[in-house]
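Peer 1: Here is the input, now give the coordinates:
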Amino acid sequence: EYEELFDHYFTTGEFDQAVKLIQAGCKIYPYAGSLSLKHAEVMLELGQLSEAEEWLNISESLQPNDLQITLNRADLLAMRDKHHEAILLVNDRLKSASQAEAVELYIELADIYEDVEHYVEVIESLSALLKISPNHIDALNRLWFAVELTGMYAKSLEIHQALIDSNPYHEAAWFNIAQAYIGMENLEEAISSLEFVLAINEGHDAAAILCADLYMETKEYEKALTLYHSALELNLPNRDVFLRLANGYAMVNNIQEAKVFYRRCIEVDPLNDEAFFGLGCCLLAEEKYEECISPLEKSVRLNRQNLDYSTTLIEAYKELSEWELAVSLLEDVVKDNADNPRLMLDLAILYYDASNVKGAIEWLEQCLEKYPNEADFHLAHGVYCYLLGRRNQAILSIERGLTCDPSKVHQWIASEPLIAEDPFFSDLLHT
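Peer 2: Okay, the predicted model is just below:
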């Protein structure tokens, strides 16, 4: 009764209640080793290591061969940063452990090695565990995590191939093999492995989604769409699958279906910036400029750090001749990305497009203070000065741009018919 109630308090995180209960139980049943052990466990959980050690010693005196005492003592050592001693303790117990005990001990070893970020040893521990318990899901999942961190994809193939040799229908092993091939950038073998997973279990939604993602990457869009739909049938409304379907339809230029699934994604997740952006791009592609503004603005509000969102919205504003909105947004973007010369130049060009040539010149002069050797800034400055009748300044700026990068002069002069017709600049075009 004490143990069941303690387990409830411990599991729900009500540690004060758990401590009171176990203290009372230990007073009534002082020779109950299992109660002493639980007392140690709650002390460990609370970080009271000295008390935990005392209760472990009491428990060990009452039931010296209990595996849980070894596991808790290893945890105690690890919490004291005595990881080497913890490893020695676990390895010593492994010498006499049953197979069932060995499984728990190898998990403990993996925990200790993870704690000190020794992921090669984590892989070794979990590999040893899988030789005993080849279907241990936690070990299979943690093994893949360690493989990702170490890049030991070839080792992963070796471990999981051994599992498949014993059981050709081991779907978790096939799934991890697929991920190893992805890490090795062998997408063809990865797809083949995932197709085998789906042949074993067509309801493996993670394999279906991952395989569909790879089909997208290899431009097999119709196969990808089919698999995304099958994954959708296995789940409740899923924003990630809706988004993938929408992106897939956009790739095959099926704008109508793309819009359907972007909207379904937004219904499930009203704060999904990717879905709003995708929907806005679809409407922009259809030249529905007024309709595309709202979803594009929403995507920017949700994620101001994404430059694609802002630059696409700026293009939409330009289509509607909303120059003030376009300029205001790009000015904000440039403030947030102050070390991006490309965006700074884009702002100068936007000032020009918005018929604010003087503003473009003044902005370029600020840019040149920060980037005095940037050819595009000098050349744009020269072209815009010429348009305002400042020919001498234009000549100076163009010559400076020529010194910085001669290859860019032609495109800037040719971009503006007036300056291209001037004899001085015309000669530059033909030299």
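Peer 1: What score does residue 430 have for pLDDT?
Peer 2: Residue 430 is assigned a pLDDT of 72 by the prediction.
Peer 1: Contact partners for it?
Peer 2: Residues near residue 430 by Cβ atoms under 8 Å, 6 or more residues apart in numbering: none. Just so you know, the C-beta spots here come from the backbone N, C-alpha and C atoms, and that holds for glycine as well.
Peer 1: switch to 10 Å and redo it
Peer 2: Residues in contact with residue 430 (Cβ atoms under 10 Å, 6 or more residues apart in numbering) are residue 410.
Peer 1: Likewise for residue 323?
Peer 2: Contacts here follow Cβ under 10 Å, 6+ apart; on that basis residue 323 touches 317, 350-351, 353-356.
Peer 1: which regions of the chain lie under the pLDDT threshold?
Peer 2: Per-residue confidence for the chain (pLDDT under 70) gives these ranges: 1-35, 48, 55, 431.
Peer 1: one more time with 90, if that's ok
Peer 2: 1-66, 68-69, 72-73, 203, 232-238, 338, 406, 409-411, 413-431 (pLDDT under 90).
Peer 1: Point out the other helices and strands that the longest helix seen in it packs with.
Peer 2: If each helix of the chain is counted by residues according to DSSP state H, the longest one is helix 99-115. The helices and strands touching helix 99-115, judged by 3 or more Cβ pairs under 10 Å, 6 or more residues apart in numbering; DSSP states H and E, are helix 67-79, helix 83-94, helix 119-132, helix 137-150.
Peer 1: hang on, the earlier thing: tell me which of the contacts of residue 323 fall in helices.
Peer 2: In this view, those that belong to helices under DSSP H are 317, 350-351, 353.
Peer 1: Weed out the non-buried ones from those residues.
Peer 2: Buried by 16 or more other Cβ atoms under 10 Å: 317, 350-351, out of those.
Peer 1: neighbours of the nearest residue to residue 73 once chain neighbours are set aside, just the number please.
Peer 2: Spatial nearest neighbour of residue 73, excluding adjacent residues (Cβ to Cβ, 6 or more residues apart in numbering): residue 56 at 5.7 Å. Close neighbours of residue 56, defined as other Cβ atoms under 10 Å, add up to 24.
Peer 1: Mind listing what's buried along the strand or helix carrying residue 56?
Peer 2: In this assignment (DSSP states H and E), residue 56 forms part of helix 49-62. Applying a neighbour-count criterion of 16+ other Cβ under 10 Å, one finds 51-53, 55-56, 58-60, 62 buried in helix 49-62.
Peer 1: Please work out the angle formed by the directions of it and helix 67-79.
Peer 2: Following axes from the mean of the first three to the mean of the last three Cα atoms, to 10 degrees, one obtains 160 degrees for the angle between helix 49-62 and helix 67-79.
Peer 1: what's helix 49-62 packed up against?
Peer 2: Helices and strands touching helix 49-62, as assessed by 3+ Cβ pairs under 10 Å, 6+ apart, comprise helix 15-28, helix 33-45, helix 67-79.
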